[in-house]
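Participant: My questions are about this predicted structure, shown below with the sequence.
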Protein chains: 2
Amino acid sequence: MGVSKRLKSWMGDVRVDDLRNRLTDLAEQSMDRHLRLAVTGLSQSGKTVFITALVHHLLHAHKSGSLPFFELAANGRVVGTRDLSAESSSPFPLRDAIEGLSQPSPHWPQSTRGLSEVRLAIRYRRAPGLRRVFGDSSTLFLDIIDYPGEWLLDLPMLEQSFEQWCESQRQLFMKEPRRTVAAGWLQKLQRIDWNSPRDDALLQELSREYSTLLQILRRDPHALSLLQPGRCVLPGDMEGSELLQLFPLVLPEPVSSEAPEGSLRWTLQQRYEQYRQQVIRPFYVRYFSRFDRQVVLVDCLKTLNRGEACFNDMKQALSAILQSFNYGRSGFLRRLFSPRIDRVLFASTKADHVTANQHHNLDRFLELIVQDAQRDMGFEGIDTRCMAIASVRATQAAQAHVDGQTLSCLRGLRKDTGEEVALFPGEIPTELPGSEDWTQDRFRFVDFAPHRLPSADLKSSHHIRLDQLLEYMTGDQFQ
Amino acid sequence: MGVSKRLKSWMGDVRVDDLRNRLTDLAEQSMDRHLRLAVTGLSQSGKTVFITALVHHLLHAHKSGSLPFFELAANGRVVGTRDLSAESSSPFPLRDAIEGLSQPSPHWPQSTRGLSEVRLAIRYRRAPGLRRVFGDSSTLFLDIIDYPGEWLLDLPMLEQSFEQWCESQRQLFMKEPRRTVAAGWLQKLQRIDWNSPRDDALLQELSREYSTLLQILRRDPHALSLLQPGRCVLPGDMEGSELLQLFPLVLPEPVSSEAPEGSLRWTLQQRYEQYRQQVIRPFYVRYFSRFDRQVVLVDCLKTLNRGEACFNDMKQALSAILQSFNYGRSGFLRRLFSPRIDRVLFASTKADHVTANQHHNLDRFLELIVQDAQRDMGFEGIDTRCMAIASVRATQAAQAHVDGQTLSCLRGLRKDTGEEVALFPGEIPTELPGSEDWTQDRFRFVDFAPHRLPSADLKSSHHIRLDQLLEYMTGDQFQ
């Protein structure tokens, strides 16, 4: 105030006020923050619903009170949120998705098959202490980037030679269900002389069959996660490209790296190299290395229902994903691009399909799954957390009585029959399942039909912990 | 080796070897560590059973394999454990207690009514890297000191004047069940002119009645924890002392500090001062400020069964206890004695009375109870943790089926009827109970009869998490 008084006596009131406003504007603009939050998922874990619900709650955060543990909203500091997705080159189909969820009989949005983006401008009031210095309000530009988990699972290939990749695939195809599902294809590979000259028709046929195999393994009842190359599962904008005529050479013995130039094996080696250079690397440089934070969605319940092979595959996929983040921080990728992901959240979806009494167990269960990989890796500066969430809550709490005790239950519509039920939905195991759990079909979590998300008047009971997730992923950015 | 060769050529082999052994002995002795672990409990939480079982497992740790998460034992590094309790001036009755627990129909040891001590010498092999420098093995002297939780609850009085103490008691006695239980005594206090001259017979009568009140409030069905002065509940070696003829002046209005010399009120003020100087302070200086680590046992299940008043009282008592540790670190007590407690474990006992599926909830529940106090205090350098344990496991896992799902249950002997049952024991709430939980009698945890602890051949199934507790409290001391 002292300085501005002296300036006013010298320059006149109006010009000083004008100058001050302009400086405030400038300071505000330079203080606007940009946060790129990537969201991906394993085995159809409800990524599109998650993004839709999250954004829907954010767009109403200035008035709805539906996010009590998201401090900015709880303290009434959200001024308003604008959807700027139209600015993006691949906008997330937000309006259709929200409309679909708020229908009387809601339908889930089509799952996106490539990369898409929600861009939000969250205007908020600063924390009291900062207002005098930086002005009353500020804006956080939040990009939520949706990309297939399959592409994330390609990153480990950046560190593997073709032979190493074939060997890791050989290990996978030695086990069920891959072994049986792929039996015919594997026999075909075995009968071929891989040192014979390149035969494009043969490679095209085998790669088409391999892609079909990946699709089968991805679907029920197998529901596997660790499927490579990711673009052979979800080509995105590469549909039909020759680069995707690629498959691992899975033979009874490990393959050697020496291949006669122009041979079948040599051609696959070359394609693998091209895939790494022209598909994985650009994805890594253009997107992955520019994300600030990552949410990985996992449907633990479905995986438990599907049985041991599905569960183990998910565990391996999560390890591979963790490794990708680690490569980025301290491995060879860092030397190339220095990515900046500093928080990774593993979110166990469908927390509404078990009782609140099991939520801690669900948090802990995902921790159990990733802890081996975490321990082996020693993250430098990446904070990882596991959290059970539900994007659109489909059930309500209910109670039953057993042996004179209250037992927490759920009320909701069964997805298979459509009837309203109140039932005990089962327990989340406190340890990784043992072999007897699998043989005895221990896990039979019921699927509940989706619940309508109103287009306005949102409540905290419409989700589970989306607010805690927002707080963890963005809370420190609102200053 | 170079040095010892040169020494040998100069002094002769035998004397050098002798010297080396003596130096090793000396180094070893100076490296022996001493750890003073204090154990106390709230509302008859099974402290004596806990210490007995813990020591019993430790005495067998070199051969039993019953402590898989206590790394020293799991890695086979325990050479042997000796009981040196006889050296103590107040030995814990270890042999009787172990014998009692291993009877065919086991009985719990008599609860100690003062301070007593187990002194163990744990001989162990050093970690490989340290062996060359410090010798093969070392000894940790572990003192486990058992003292009544009531005495711990006296520590806050060190910071309160008589008037402040009376006021805090007045707040307590305004609520149930204290108000009703103490109604007659409170009326008596009200009828007395406290400025009238000292009358020893009257004070003796009122203090005797007050002690009786404390005993009633301590027992079922009230089972309160926050009872002061602690020695009026458990006098220890002060039985009959005039110092204990002390009670708070609980009147409808706060009492003022001005009291005519020689009056009744003045006498109580003096006694309170004496109690602080001659009872609390010496306990603090002689024992509390010399403990290294503290275990506080809490029986959450019993407290939930007893209802709201009992539960709130326990919550308040735990806050007061946490405050005592904090006083010691950073408050006025630090300036006087600099105590050294660096870890405090709150252990929720009787974890065997709920299913494994509820253990995380039981950990978290105790965290919920203490977290307010923790947040308010800002511990400097004290690590606190909450853990659900069972000293002697009285139940086995069982299963029931509800709605086609597996429900975890327990098998054991009911304490009230003695019959073997398999039942669903109830859930631990995931939030602090609300008023409707109390009115509806939500919590009815069943008491199981004690199980025999064999005198040898101990297994990890005989306890729950005693090994994790040992690891946390002592694991870093074995070097």
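Facilitator: Yep, that arrived. Numbers count the residues shown, from 1 in each chain, chains lettered A, B, ... in the order given.
Participant: which residues does the closest residue to A:G404 other than its chain neighbours contact?
Facilitator: Spatially, and ignoring its direct neighbours in sequence, A:G404 is nearest to B:R444 (6.2 Å; CB to CB, 6 or more residues apart in numbering or on different chains). In short, each C-beta sits where N, CA and C put it, glycine included. Taking CB atoms under 8 Å, 6 or more residues apart in numbering or on different chains as the contact definition, B:R444 lies against A:404-405, B:305, B:426.
Participant: can you check A:G80 too?
Facilitator: Applying CB under 8 Å, 6+ apart as the definition, the contact partners of A:G80 turn out to be A:62, A:123.
Participant: Am I right that it sits in a helix?
Facilitator: No - assignment of A:G80 by DSSP: H, G, I helix; E, B strand; the rest coil gives strand, placing it outside any helix.
Participant: and the stretch 251-400 of chain A, which of its residues are near chain B?
Facilitator: Along the stretch 251-400 of chain A, the residues adjacent to chain B under the rule CB under 8 Å from any CB of the partner chain are A:356-361, A:364, A:400.
Participant: Sitting in strands, which of these do you find?
Facilitator: Cross-referencing those with the strands (criterion: DSSP state E) gives A:A400 as the overlap.
Participant: Pick out whichever of the residues of the stretch 251-400 of chain A next to chain B sits closest to A:D193.
Facilitator: Top of the list for closeness to A:D193, among those and by CB to CB, is A:R364 at 52.0 Å.
Participant: what's that closest one in contact with, if anything?
Facilitator: With CB under 8 Å, 6+ apart, A:R364 has these contacts: A:386, A:430, B:360.
Participant: And what about the closest residue to the first one other than its chain neighbours, helix, strand or coil?
Facilitator: By the measure of CB to CB, 6+ apart, the closest residue to A:C386 outside its immediate chain neighbours is A:L366, 4.0 Å from it. The three-state assignment at A:L366 reads helix, by three-state DSSP.
Participant: from memory A:L366 sits against A:L345, does it?
Facilitator: No - under the criterion of CB atoms under 8 Å, A:L366 lies out of contact with A:L345, with a separation of 10.2 Å.
Participant: count of residues packed around the closest residue to A:W185 other than its chain neighbours?
Facilitator: The shortest distance from A:W185 to any residue that is not its chain neighbour, by CB to CB, 6+ apart, is 5.3 Å, and that residue is A:E209. Taking other CB atoms under 10 Å in any protein chain shown as the criterion, the count of residues near A:E209 is 16.
Participant: What strand or helix carries A:E209?
Facilitator: Secondary-structure element containing A:E209, defined by DSSP states H and E: helix A:200-218.
Participant: so what secondary structure elements neighbour that helix?
Facilitator: For helix A:200-218, the elements it packs on are helix A:178-181, helix A:183-191, helix A:230-233, helix A:264-275, judged by 3 or more CB pairs under 8 Å, 6 or more residues apart in numbering or on different chains; DSSP states H and E.
Participant: The second one to helix A:200-218, inter-axis angle?
Facilitator: Angular relation of helix A:183-191 and helix A:200-218 on a 0 to 180 degree scale: 150 degrees, by axes from the mean of the first three to the mean of the last three CA atoms, to 10 degrees.
Participant: ditto for the longest one
Facilitator: Helix A:264-275 and helix A:200-218 meet at an angle of 60 degrees, taking the same axes, to 10 degrees as the criterion.
Participant: follow-up on the earlier one: just the ones of the contacts of A:R364 in helices?
Facilitator: Among the contacts of A:R364, the members falling in helices (DSSP state H) are B:H360.
Participant: which one in the contacts of A:R364 is the model shakiest on?
Facilitator: The lowest pLDDT within those belongs to A:T430, which sits at 90.
Participant: contacting residues for it?
Facilitator: Under the criterion of CB under 8 Å, 6+ apart, the contact list for A:T430 reads A:361, A:364-365, B:356-357, B:359-360.
Participant: Report the backbone C-alpha coordinates of the longest helix along chain A in PDB.
Facilitator: In chain A, taking DSSP H as the definition, the longest helix is helix A:308-330. As requested, C-alpha coordinates have been extracted for helix A:308-330 and formatted as PDB (Å, rounded to 0.1, in the frame of the first residue of the first chain):
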ATOM      1  CA  GLU A 308      -6.700 -68.300 -10.900                       C
ATOM      2  CA  ALA A 309      -5.400 -67.800 -14.400                       C
ATOM      3  CA  CYS A 310      -7.200 -64.500 -14.900                       C
ATOM      4  CA  PHE A 311      -6.000 -63.400 -11.400                       C
ATOM      5  CA  ASN A 312      -2.400 -64.300 -12.000                       C
ATOM      6  CA  ASP A 313      -2.400 -62.600 -15.400                       C
ATOM      7  CA  MET A 314      -3.700 -59.400 -13.800                       C
ATOM      8  CA  LYS A 315      -1.000 -59.600 -11.200                       C
ATOM      9  CA  GLN A 316       1.700 -59.900 -13.800                       C
ATOM     10  CA  ALA A 317       0.200 -57.100 -15.900                       C
ATOM     11  CA  LEU A 318       0.300 -54.800 -12.900                       C
ATOM     12  CA  SER A 319       3.900 -55.700 -12.200                       C
ATOM     13  CA  ALA A 320       4.700 -54.800 -15.800                       C
ATOM     14  CA  ILE A 321       2.900 -51.500 -15.500                       C
ATOM     15  CA  LEU A 322       4.700 -50.600 -12.400                       C
ATOM     16  CA  GLN A 323       7.900 -51.500 -14.100                       C
ATOM     17  CA  SER A 324       7.000 -49.100 -16.900                       C
ATOM     18  CA  PHE A 325       6.800 -46.200 -14.500                       C
ATOM     19  CA  ASN A 326      10.100 -47.200 -13.000                       C
ATOM     20  CA  TYR A 327      11.800 -47.400 -16.300                       C
ATOM     21  CA  GLY A 328      10.600 -43.900 -16.900                       C
ATOM     22  CA  ARG A 329      12.000 -42.600 -13.600                       C
ATOM     23  CA  SER A 330      15.400 -44.300 -13.300                       C
END
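Participant: Identify each buried residue in it, please.
Facilitator: For helix A:308-330, a neighbour-count test (16 or more other CB atoms under 10 Å in any protein chain shown) marks A:309-330 as buried.
Participant: Let's see the pLDDT reported for A:L264.
Facilitator: Reported pLDDT at A:L264 in the predicted model: 94.
Participant: Then the one 10 residues further on?
Facilitator: A:Q274 is assigned 95 on the pLDDT scale.
Participant: Would you agree it is in contact with A:S241?
Facilitator: No - when contacts are counted by CB under 8 Å, A:Q274 is not listed as touching A:S241 (10.1 Å).
Participant: List the buried residues for the helix holding A:E209?
Facilitator: With burial defined by 16+ other CB under 10 Å, the residues of helix A:200-218 counted as buried are A:203, A:206-207, A:209-211, A:213-214, A:217-218.
Participant: Thanks a lot, see you next time.
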